[in-house]
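Engineer: let's see this in three dimensions:
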Amino acid sequence: MSTITRTRGITATLIPDHALRAAIGSHLGIDADEIQPEQTWLIDRGEGDGPRYAITGTEGVGHAPGDGDPFEVCTRYLDGFYRIPVAALVASADGGEAWDLADVVRTFGTRLEGNFHSLHRWALRQN
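Structural biologist: Numbering: from 1, shown residues only. Now for the predicted structure:
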């Protein structure tokens, strides 16, 4: 499936790399130059039941922590993650470039399509 045939309309904000690395470094006390986060997008589905925010990478695997739980930002090589408070990650997304979720998730195979559709339904509060 291509991004052209996917359902569109869910905004995902690309968290600028420098802001993401600064937030991680500040929270964990790590030199920002040593941090290698995966490219990360923030989805805000607004107020309502369940978590308001989720993050995703190009695989479309969303992470939506509950109240008080941190985000888990994957490393570039997907061999670990950084645990960051929701508020810090939301703040680091401020001013990031807006994308459509349909364009964020790669388009190779049924697993990625399943990930996209699952995250899309989450954003619409349909699951």
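
Engineer: list the contacts of the residue positioned nearest the centre of the chain.
Structural biologist: Central residue of the chain (C-alpha atoms, centre = their mean): I55, 2.0 Å from the mean position. Neighbour list for I55: I15, T40, W41, L42, I43, G62, H63, F71, V73, L89 [criterion: C-beta atoms under 8 Å, 6 or more residues apart in numbering]. In this view, the C-beta of every residue, glycine as well, is placed from N, C-alpha and C.

Engineer: and these as CSV, adding distance to N127, secondary structure and neighbour count?
Structural biologist: Below are these laid out as CSV (distance: C-beta to C-beta, whole Å; DSSP: H, G, I helix; E, B strand; the rest coil; neighbours: other C-beta atoms under 10 Å):
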residue, distance to N127, secondary structure, neighbour count
I15, 24, coil, 26
T40, 22, coil, 25
W41, 19, strand, 24
L42, 19, strand, 22
I43, 14, strand, 22
G62, 11, coil, 23
H63, 15, strand, 19
F71, 19, strand, 22
V73, 23, strand, 24
L89, 22, helix, 24
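
Engineer: closest to E113 among those?
Structural biologist: E113 has its nearest neighbour among the contacts of I55 in G62, at 14.2 Å by C-beta to C-beta.

Engineer: quick one, what contacts that closest one?
Structural biologist: Contacts of G62 by C-beta under 8 Å, 6+ apart are I43, A54, I55, T56, N115, S118, L119, W122.

Engineer: which phi and psi values does the closest residue to the fourth one other than its chain neighbours adopt?
Structural biologist: Counting by C-beta to C-beta, 6 or more residues apart in numbering, the nearest residue to T56 once its immediate chain neighbours are dropped is G62, at 4.8 Å. Backbone dihedrals for G62, given as degrees, to the nearest 10, come out at phi -80, psi 150.

Engineer: now do T75
Structural biologist: Torsion angles, degrees, to the nearest 10, at T75: phi -80, psi 160.

Engineer: name the helices or strands packed onto the longest helix along the chain?
Structural biologist: Counting by DSSP state H, the longest helix found in the chain is helix 110-123. Applying 3 or more C-beta pairs under 8 Å, 6 or more residues apart in numbering; DSSP states H and E, one finds that helix 110-123 contacts strand 53-56, helix 101-104.
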